[in-house]
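> return a 3D structure for these sequence lines:
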Amino acid sequence: MLHVHRQSHGRLGWLALPAWMLLVICPLLVGGCASGGPTGGPARRSGDEAALRQIRVLIYNDKAPTTVAVAGSFRIVDAAGRALADTPSPMQITIAPQGDGLALNGRSMPTGCRIVPRTDGSLQIGSHPYHGSLTMLNRGGQLWLINNLDIEQYLPGVLTGELFPKFHIEAFKAQAVAARTYALYQKFVNPHADYDVSNTTASMVYVGAGSDKAVQAVRDTHGRVLTWGSASGERIFCAYFSSTCGGVTSNVSNLLGAQVIPPLAGGVHCGGCAHATYYTWPAVRMSRQDLTQKLRSKYPQAFSGMGPIARIDATESTPEGRAVWLVVSDDRGEQVRMRASQFRLAVGPGLMRSTWCRIDRSGESFVFSNGRGFGHGVGMCQWGADGLARAGWNWKQILLHYYPKSHITRAY
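The predicted structure follows:
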């Protein structure tokens, strides 16, 4: 029997680290943190704090050229910060991979160069303005664009991408703290990577500069993160969240067998997401042929030798009914055992909205029915946070509800 064991990064996975490796937020928490002023904000910003607050967001990854615009003067610098060009006027720039380097409006540039606007917020990609600067990389013929900016400027773009505008401001504030914690965690566990997070659901959806409501929520929770009291002291953790838990949150081990810590142990009765669009969802259907192709495409090593999928059996489920392990069989009886969370990603999370559903064979199709929730269900439920906020809960109460035994800690 084959087993699929694939590490999924970002919001849909878990960094399976032993407890002692769950990171201290930074040395600022144990010594050297700027003291707070009378209003609770930082009285000064040290070089260490400035470095802590920098985040690198992958916002484009494709072989095709793309165009960005700068609405004012800007410089282009190399990886060492040396000026390559100084442009005094607004410009549109077409960026393309070229050999091992780049071409900017047809001019050759080294990989790793960066567009640095002189006025923050004048960088524009598509119809969205972006804060910070833009690093351009050629990775094996693919163009990578990485937005470099302060995390407090980054977070409003996450809240705007992740939440509906109608959500309560206290839900926005709770999301700000969860997202700040998640981003800083990723930053410190991936120090040698080209980027810290991406702009998709593989990390957190990010759309550039955020709405006024999102800016307010980030400002009102400035520097706050979630920590938990491990045996070796306070640690930040990967503060997962999902759209709709369906009534009760899931244990993080259901995703990838990750080590369980109290804030991510699941079993929290939500009490807030019954008004969600996908609290329950209607039956959806996928043909055997499409399902087989999707599994082969996502996991070729495991499925390339199998015939058309004939059966899907849940061999382990949570008490509430989320499938944890599946056995996928073809007409010859060949089998692959895989996590239900990985199966869902292959099928498509927009179709199989959660693993809390029935999977049945119906002729030449599979039917996903009795569906409940949207997403993996670990950590904070976004629709639930909105429901609780509308019932009078504040952002601190919401966070401590969804992440039991966690603490709200000031990182800077």
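> quick one: the strands in the stretch 101-250 of the chain?
101-104, 107-109, 114-117, 123-125, 128-130, 133-139, 142-150, 197-198, 224-230, 233-236, 241-242 (DSSP state E, counting those that start in this stretch).
> please write out the alpha-carbon positions of the longest one in CSV.
Extracted as CSV, the C-alpha positions of strand 142-150 are listed here (Å, rounded to 0.1, in the frame of the first residue of the first chain):
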residue,chain,number,x,y,z
GLN,A,142,10.4,32.0,-13.9
LEU,A,143,9.9,35.6,-12.8
TRP,A,144,9.4,36.1,-9.1
LEU,A,145,8.2,39.4,-7.7
ILE,A,146,8.6,39.9,-4.0
ASN,A,147,7.1,42.8,-2.1
ASN,A,148,9.3,44.0,0.7
LEU,A,149,7.6,46.0,3.3
ASP,A,150,6.9,46.6,7.0
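> helices or strands next to it in the packing?
On a contact count with 3 or more Cβ pairs under 8 Å, 6 or more residues apart in numbering; DSSP states H and E, strand 142-150 meets strand 54-62, strand 66-70, strand 91-98, strand 133-139. Every C-beta, even on glycine, is put in place using the N, C-alpha and C of the backbone.
> got the angle between the longest one and strand 91-98?
For strand 54-62 against strand 91-98, the angle by axes from the mean of the first three to the mean of the last three Cα atoms, to 10 degrees is 70 degrees.
> again with the shortest one
On the basis of the same axes, to 10 degrees, strand 66-70 is oriented at 150 degrees to strand 91-98.
> so which residues make contact with strand 66-70?
With Cβ atoms under 8 Å, 6 or more residues apart in numbering as the test, strand 66-70 has contacts from 60, 87, 90-95, 115, 117, 122-125, 134, 143, 145.
> returning to what we had before: determine which stretch of the strands of the stretch 101-250 of the chain is the most buried.
Most buried of these by mean neighbour count (mean count of other Cβ atoms under 10 Å) is strand 241-242; its value is a mean of 26.
> quick one: mean pLDDT over the next helix or strand after that one.
Note on strand 241-242: by DSSP states H and E, the next helix or strand toward the C-terminus is helix 253-256. Helix 253-256 shows a mean pLDDT of 82.
> Ala340 touches Trp356, doesn't it?
No - counting by Cβ atoms under 8 Å, Ala340 stays clear of Trp356, with 9.5 Å between them.
> list residues touching both of these two?
What both Ala340 and Trp356 touch, as defined by Cβ under 8 Å, 6+ apart, is the set Arg322, Ala323.
> between the two ends of stretch 319-326, how far is it?
Criterion Cα to Cα, to the nearest Å; first-to-last residue distance in stretch 319-326 is 16 Å.
> what about the helices in the stretch 301-412 of the chain?
Along the stretch 301-412 of the chain, the stretches classed as helices by DSSP state H, counting those that start in this stretch are 340-347, 382-390, 395-402.
> can you list contacts of the first one?
Judged by Cβ under 8 Å, 6+ apart, the contacts made with helix 340-347 from elsewhere in the structure are 4, 6, 8, 12, 254-256, 286, 291, 294-295, 297-299, 312, 314, 322-326, 328, 352, 354-355, 368, 376.
> pLDDT on it, on average?
Rounded mean pLDDT across helix 340-347 is 95.
> go through that helix and flag the buried ones.
Judged by neighbour count (16 or more other Cβ atoms under 10 Å), helix 340-347 contains these buried residues: Ala340, Ser341, Gln342, Phe343, Arg344, Leu345, Ala346, Val347.
> over to stretch 157-174?
Buried residues in stretch 157-174 (16+ other Cβ under 10 Å): 157-163, 167-168, 170-174.
> so which of those are in helices?
Using DSSP state H, the members of the buried residues of stretch 157-174 that fall in helices are Gly157, Val158, Leu159, Thr160, Gly161, Glu162, Glu170, Ala171, Phe172, Lys173, Ala174.
> taking these, tell me the two that lie furthest apart.
Spatial extent of those (Cβ to Cβ) is set by the pair Gly157 and Glu170 at 19.7 Å.
> next one: phi and psi at Gly81?
Per-residue torsions, Gly81: phi 90, psi 0 (degrees, to the nearest 10).
> residue at max distance from the center of this protein?
For the chain, the largest distance from the centre (Cα atoms, centre = their mean) belongs to Arg332, which lies 38.6 Å off.
> and the pLDDT for the closest residue to it other than its chain neighbours?
Counting by Cβ to Cβ, 6 or more residues apart in numbering, Arg332 lies nearest to Gly307, which is 5.8 Å off, once chain neighbours are set aside. Gly307 carries a pLDDT score of 94 in this model.
> coming back round to it: quick one: the buried residues of stretch 157-174 as a markdown table, columns for distance to Arg224 and pLDDT too.
Formatted as a markdown table, these follow (distance: Cβ to Cβ, whole Å; pLDDT from 0 to 100):
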| residue | distance to Arg224 | pLDDT |
| --- | --- | --- |
| Gly157 | 18 | 98 |
| Val158 | 15 | 98 |
| Leu159 | 14 | 98 |
| Thr160 | 19 | 98 |
| Gly161 | 20 | 97 |
| Glu162 | 17 | 98 |
| Leu163 | 17 | 98 |
| Phe167 | 19 | 98 |
| His168 | 18 | 98 |
| Glu170 | 14 | 98 |
| Ala171 | 15 | 98 |
| Phe172 | 13 | 98 |
| Lys173 | 9 | 98 |
| Ala174 | 10 | 98 |
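> and stretch 278-288, average pLDDT?
The model assigns stretch 278-288 a mean pLDDT of 96.
> can you give me the offset of that stretch from its chain's centre?
In terms of Cα atoms, centre = their mean, to the nearest Å, the centre of stretch 278-288 is set 24 Å apart from its chain centre.
> what residues of that stretch count as buried?
Applying a neighbour-count criterion of 16+ other Cβ under 10 Å, one finds Tyr278, Tyr279, Thr280, Trp281, Val284, Met286, Arg288 buried in stretch 278-288.
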